[in-house]
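K.L.:
Give the three-dimensional model of this entry:
(2 chains)
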Number of protein chains: 2
Amino acid sequence: MSLVVMGTVAFDAIETPFGKTDKIVGGAGTFAALSASFLYDQVKLVGVIGEDFGDDNLQIITSKGVDVEGIQIIEGGKSFFWAGKYHNDMNSRDTITTELNVLENFDPIIPESYQDCEFLLLGNATPQVQMTTLNRLKNKPKLVVLDTMNFWMDIAMDDLKAVLKHVDVLTINDGEARQLSGEYSLVKAAAVILEMGPKYLIIKKGEHGALLFGEGQIFSAPALPLAEVFDPTGAGDAFAGGFIGYLAKVKTINFTNMKNAVVYGSALASFCVEKFGTERLQTLTHEEIEARLKAFVSLAKFDI
Amino acid sequence: MSLVVMGTVAFDAIETPFGKTDKIVGGAGTFAALSASFLYDQVKLVGVIGEDFGDDNLQIITSKGVDVEGIQIIEGGKSFFWAGKYHNDMNSRDTITTELNVLENFDPIIPESYQDCEFLLLGNATPQVQMTTLNRLKNKPKLVVLDTMNFWMDIAMDDLKAVLKHVDVLTINDGEARQLSGEYSLVKAAAVILEMGPKYLIIKKGEHGALLFGEGQIFSAPALPLAEVFDPTGAGDAFAGGFIGYLAKVKTINFTNMKNAVVYGSALASFCVEKFGTERLQTLTHEEIEARLKAFVSLAKFDI
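P.N.:
Purely as a prediction, here's the structure:
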């Protein structure tokens, strides 16, 4: 049994008020798989890279035990590249460059060894690629989590709605929930979105935490107040990876476990933003995760 | 022993996407005292009104057992009047009219019967009036809570900083915390503000809940996700009233009780926004408050 993550494996060049990087390893699939690897040991990644990616960079992923058989390496191709600059408030950013490169014709391949997939994370990608990935699994996974963004709502809303019919959990931010539903109130937005297919909806609110809707209940998870957010890149993907990684570990799907999964996802995301790119996830230890979870408990606990 | 609330008692005319009102009873002191009255039975209000306020309106306050001996009625004077219009997102508003009227020369009088004050809420008002109120109490209260807003930071920062030295708890919103501290990160902002005098800081984030800082700890309280926010007027005051009302009831000041107080304040605020002005607080029952508190527990609880 395994947890399959489909998502981009890419280069990012990032500028924040704290500094800037050259091309470093990034991509939704990378962040999500690394994050999940701390909670579950059978994480398998589906994606595509160019020859320029290099073994050293791939090793950042494999060193955490993530299976990369499902990552196609396109001969002579160049990896997806994104360059962006964050504003001072760290909540908004400008895209400087987007080079799709090998991502343009990405046709996800599911190796035979991935067909034991029980938990599937469809990372942020075109809804068509997300649908193809799902269709190429011979058995329907126990849980399908989909992450997406406003960009796909702008240019491929019908495709997105089609894949949503087959999804158990959708993770989006508050602006995206409003766009997808046409409702300003997040409570009303959630009601509309839960009619579109997903049984659970997670609305990510960055520094304000996350809301989980499902089974007629709502859970509000806090975000850890941080003195510095060094680089927000990948935080949403690390959240999704931690979320599904926890569920793959505990196996049982119910609202109680979903709530814990949101807290695990939030904890992983809180580490992700402490350094550039995947840097913090590379050095992260289980002891640090345990301590951070205790901080979340202390942050949210009251006794009425 | 009593809980004294100093704050405006006023008329508001409100327009929201749901409708508009003529002049209705409002004011920070009104909302805070009404809110506190559900948790503590010795609430005493200090303020000023004109002859136009009328007994019927005053009865909205006294009907909840709030002592109004400290409300001066200025002969021939007109009550403070504010008219505002909320935008569609309900998070921003335009002030249409501000008529200070009797508030312009407000000199707070503390009746002898109020000198048993143990808990003091200095509602949003000029820092000078807040300071005068504090100075006119013969004994230093056990707990002083101060609410203020960006307006006073713009025009009376020095006065505000002077009164903050004598305050135990400061309640402001996130933008105001940034303005007061000069720090964008709320963690850093809190550290700066806690050096200014207050032992505890509450940062109100509206639909995103509230953060409590103090004793080297942080508590993150959720806001109840609401399908409709009918009228946000007075929510911050109802929060402050519920907060100090709970502490007056339990009497012991520590971080555990402070956390609960934040949740009680949030619960009262969540009712306040359900109808125009004080309408919802007028009909509110203790059973409804108990049920709402359970909703907050369910909303925030997880078991890691």
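K.L.:
Contacts only, for the residue positioned nearest the centre of chain A.
P.N.:
Nearest to the mean C-alpha position of chain A, counting by Cα atoms, centre = their mean, stands A:D237 at 2.4 Å. For A:D237, the contacting residues are A:7, A:28-32, A:35, A:123-124, A:147, by Cβ atoms under 8 Å, 6 or more residues apart in numbering or on different chains. From N, CA and C alone the C-beta is placed, and that goes for glycine too.
K.L.:
Just give the number of residues close to A:I172.
P.N.:
When neighbours are defined as other Cβ atoms under 10 Å in any protein chain shown, A:I172 has 26 of them.
K.L.:
so it is in which element?
P.N.:
In this structure, A:I172 is located in strand A:169-173 according to DSSP states H and E.
K.L.:
What strands flank that strand, and is each parallel or antiparallel?
P.N.:
Its sheet considered, strand A:169-173 pairs with strand A:143-147 (parallel), strand A:200-204 (parallel) by DSSP bridges.
K.L.:
coming back round to it: for the residue nearest to the centre of chain A, give its distance to A:A291.
P.N.:
For A:D237, the distance to A:A291 (Cβ to Cβ, to the nearest Å) stands at 22 Å.
K.L.:
what does A:A191 give?
P.N.:
Distance of A:A191 to A:A291, computed by Cβ to Cβ: 37 Å.
K.L.:
Excluding residues flanking it in the chain, which one is nearest the residue nearest to the centre of chain A?
P.N.:
Nearest residue to A:D237, sequence neighbours excluded (Cβ to Cβ, 6 or more residues apart in numbering or on different chains): A:F31, at 3.6 Å.
K.L.:
before we move on, what about A:Q179?
P.N.:
Distances taken as Cβ to Cβ, 6+ apart place A:M153 nearest to A:Q179, at 5.1 Å, with adjacent residues excluded.
K.L.:
How about the backbone phi and psi for the residue nearest to A:G50 when sequence neighbours are not counted?
P.N.:
Distances taken as Cβ to Cβ, 6+ apart place A:G77 nearest to A:G50, at 3.6 Å, with adjacent residues excluded. Backbone torsions for A:G77, taken as degrees, to the nearest 10, come to phi -90, psi 160.
K.L.:
And for A:G50?
P.N.:
Dihedral angles of A:G50 (phi, psi; degrees, to the nearest 10) stand at phi -100, psi 180.
K.L.:
Same question for A:T97.
P.N.:
Main-chain dihedrals, A:T97, degrees, to the nearest 10: phi -140, psi 140.
K.L.:
residues touching it, list them.
P.N.:
A:13, A:81-83 are the contacts of A:T97 under Cβ under 8 Å, 6+ apart.
K.L.:
Flag the least confident of the contacts of A:D237.
P.N.:
pLDDT across the contacts of A:D237 is at its lowest for A:N124, which sits at 93.
K.L.:
Format the contacts of A:T97 as TSV; extra columns: pLDDT, neighbour count and secondary structure.
P.N.:
Formatted as TSV, the contacts of A:T97 follow (pLDDT from 0 to 100; neighbours: other Cβ atoms under 10 Å in any protein chain shown; DSSP: H, G, I helix; E, B strand; the rest coil):
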residue	pLDDT	neighbour count	secondary structure
A:A13	96	18	strand
A:F81	97	20	strand
A:W82	95	20	strand
A:A83	95	18	strand
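K.L.:
if I pick the nearest residue to A:Q42 once chain neighbours are set aside, what's in contact with it?
P.N.:
Of all residues not flanking A:Q42 in the chain, A:S2 sits nearest, at 4.1 Å (Cβ to Cβ, 6+ apart). Listed by Cβ under 8 Å, 6+ apart, the contact partners of A:S2 are A:42-44, A:67, A:114, A:116-119.
K.L.:
What number of residues are in the vicinity of the one residue in the stretch 1-150 of chain A that gets nearest to chain B?
P.N.:
Going by Cβ to the nearest Cβ, chain B is nearest to A:D89 of the stretch 1-150 of chain A, at 6.5 Å. Using other Cβ under 10 Å as the criterion, A:D89 is surrounded by 11 other residues.
K.L.:
State the pLDDT value of the residue nearest to it when sequence neighbours are not counted.
P.N.:
Leaving aside its chain neighbours, A:D89 sits nearest to B:Y184 (6.5 Å; criterion: Cβ to Cβ, 6+ apart). For B:Y184, the pLDDT comes out at 91.
K.L.:
From the contacts of A:T97, list the ones also adjacent to chain B.
P.N.:
On the criterion Cβ under 8 Å from any Cβ of the partner chain, none of the entries of these sits beside chain B.
K.L.:
In CSV, could you pull the C-alpha coordinates for stretch A:73-84?
P.N.:
Extracted in CSV, the C-alpha atoms of stretch A:73-84 (Å, rounded to 0.1, in the frame of the first residue of the first chain):
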residue,chain,number,x,y,z
ILE,A,73,13.2,12.4,-17.3
ILE,A,74,12.8,14.0,-20.8
GLU,A,75,15.9,13.7,-22.9
GLY,A,76,17.2,17.1,-23.9
GLY,A,77,14.3,18.7,-22.0
LYS,A,78,14.4,21.5,-19.5
SER,A,79,12.6,21.3,-16.2
PHE,A,80,9.7,23.6,-15.3
PHE,A,81,11.0,26.9,-14.0
TRP,A,82,9.3,29.5,-11.9
ALA,A,83,10.8,32.8,-10.7
GLY,A,84,8.9,35.0,-8.3
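K.L.:
how many neighbours does the nearest residue to A:M90 once chain neighbours are set aside have?
P.N.:
In this structure, A:M90 finds its nearest non-sequential neighbour in A:V229, 4.8 Å apart by Cβ to Cβ, 6+ apart. Neighbours of A:V229 under the rule other Cβ under 10 Å: 22.
K.L.:
residues of stretch A:183-193 that come out buried?
P.N.:
For stretch A:183-193, a neighbour-count test (16 or more other Cβ atoms under 10 Å in any protein chain shown) marks A:183, A:185-186, A:188-190, A:193 as buried.
K.L.:
CA atoms only: put that stretch into CSV for me.
P.N.:
The C-alpha trace of stretch A:183-193 is given here as CSV (Å, rounded to 0.1, in the frame of the first residue of the first chain):
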residue,chain,number,x,y,z
GLU,A,183,-20.1,33.0,-2.5
TYR,A,184,-18.3,35.5,-0.3
SER,A,185,-19.1,33.9,3.0
LEU,A,186,-16.8,30.9,3.5
VAL,A,187,-19.6,28.9,5.2
LYS,A,188,-21.8,29.4,2.1
ALA,A,189,-18.8,28.8,-0.2
ALA,A,190,-18.1,25.5,1.5
ALA,A,191,-21.8,24.4,1.2
VAL,A,192,-21.6,25.1,-2.6
ILE,A,193,-18.3,23.3,-3.1
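K.L.:
mind checking how far that stretch is from the chain centre?
P.N.:
Stretch A:183-193 sits 22 Å away from the centroid of its parent chain (Cα atoms, centre = their mean, to the nearest Å).
K.L.:
who touches that stretch?
P.N.:
By Cβ under 8 Å, 6+ apart, the list of residues contacting stretch A:183-193 reads A:170, A:174, A:177-178, A:180-182, A:201, A:203, A:211, A:213, A:218, B:88-89, B:207, B:225-229.
K.L.:
can you tell me which residues contact A:E118?
P.N.:
Neighbours of A:E118 in contact, by Cβ under 8 Å, 6+ apart: A:1-3, A:141-143, A:248.
K.L.:
For those, which single residue is the most surrounded?
P.N.:
When neighbours are taken as other Cβ under 10 Å, the top entry among those is A:L3 (31 neighbours).
K.L.:
ok now do that residue, which residues does it touch?
P.N.:
Counting by Cβ under 8 Å, 6+ apart, A:L3 makes contact with A:36, A:40, A:42-44, A:117-121, A:244-245, A:248.
K.L.:
go on, A:K161?
P.N.:
If you count contacts by Cβ under 8 Å, 6+ apart, A:K161 has them with A:M196.
K.L.:
quick one: which helix or strand includes it?
P.N.:
Following DSSP H and E, one finds A:K161 within helix A:157-164.
K.L.:
I'm done for today, thanks for sticking with me.
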